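Peer 1: fold the following, please.
(chains A and B)
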Amino acid sequence: GQQLNQSPQSMFIQEGEDVSMNCTSSSIFNTWLWYKQDPGEGPVLLIALYKAGELTSNGRLTAQFGITRKDSFLNISASIPSDVGIYFCAGQPRGTGRRALTFGSGTRLQVQP
Amino acid sequence: NAGVTQTPKFQVLKTGQSMTLQCAQDMNHEYMSWYRQDPGMGLRLIHYSVGAGITDQGEVPNGYNVSRSTTEDFPLRLLSAAPSQTSVYFCASRWDEGAGLYEQYFGPGTRLTVT
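Peer 2: Below is the predicted model:
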């Protein structure tokens, strides 16, 4: 099936620092989504992107749909302890119709107060 | 709106036992799906449904059955549990067409241990 490469796998940062993570694929995607999963909970949708080059913000989070349509980026500014969790990218590959989303393996973020 | 709900939250089974994981959504979403999440493996699709009476296999369907008799409910059945099915199971739903098409919403998960 489709593969999404998400990096980095984990990050340990100080409170107040900015964070960047990304997802890449060898295939073109029609849609990119970013989720956050808190420990013991289900993933929660943060941002959805539908057009190449699109830049969308949700509070301190900003995500971009790469112009090649094969990648997406998530930035978190001025991190705080509650940003701790696992961040997943997900995408809908072009031409897959009703088939399900493809998920990255996640970036585990830890924030030192 | 309760969103996507799952029961039970925790379950321990013995090898060979059967059980059904329940999932319900109140958003009138056509598309519902089941995933399992294992350490280092991310989310893997088990089965999905695009409407009542329509189901299809995902990436890892073996050992699991589903049915969709109503728009709201999408239960997952384990017919004969195996230790390899120890995992966290998530149900999800979304629209199947129109605006916000791929914005998928997850339930809180069922943590299953098979001994």
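
Peer 1: contact partners for residue B:12?
Peer 2: The neighbours of residue B:12, taking CB atoms under 8 Å, 6 or more residues apart in numbering or on different chains as the test, are B:112-115. Using the backbone N, CA and C atoms, a C-beta is placed for each residue, glycine as well.

Peer 1: what about 6 Å?
Peer 2: residue B:113 (CB atoms under 6 Å, 6 or more residues apart in numbering or on different chains).

Peer 1: which residues does residue B:87 form a beta bridge with?
Peer 2: residue B:112 (DSSP bridges).

Peer 1: er, residue B:7 actually
Peer 2: Where residue B:7 sits in a bridge, its partners, by DSSP bridges, are residue B:22.

Peer 1: surely it meets residue B:23?
Peer 2: No. Using CB atoms under 6 Å, residue B:7 is not in contact with residue B:23; the gap is 8.4 Å.

Peer 1: neighbour count winner among those two?
Peer 2: residue B:23 (25 against 13; other CB atoms under 10 Å in any protein chain shown).

Peer 1: residues in contact with that one?
Peer 2: B:6, B:74, B:91.

Peer 1: go again with 7 Å.
Peer 2: B:4, B:6, B:32, B:73-76, B:91, B:107 (CB atoms under 7 Å, 6 or more residues apart in numbering or on different chains).

Peer 1: give me the nearest residue to it, chain neighbours excluded.
Peer 2: Of all residues not flanking residue B:23 in the chain, residue B:91 sits nearest, at 3.4 Å (CB to CB, 6 or more residues apart in numbering or on different chains).

Peer 1: which ones are touching residue 32?
Peer 2: No chain in the question, so chain A it is. Here residue A:32 is in contact with A:49, A:65, A:72, A:89, A:91 (criterion: CB under 7 Å, 6+ apart).

Peer 1: I was thinking of chain B, sorry if that wasn't clear
Peer 2: B:23, B:25, B:48-49, B:68, B:74, B:91-93.
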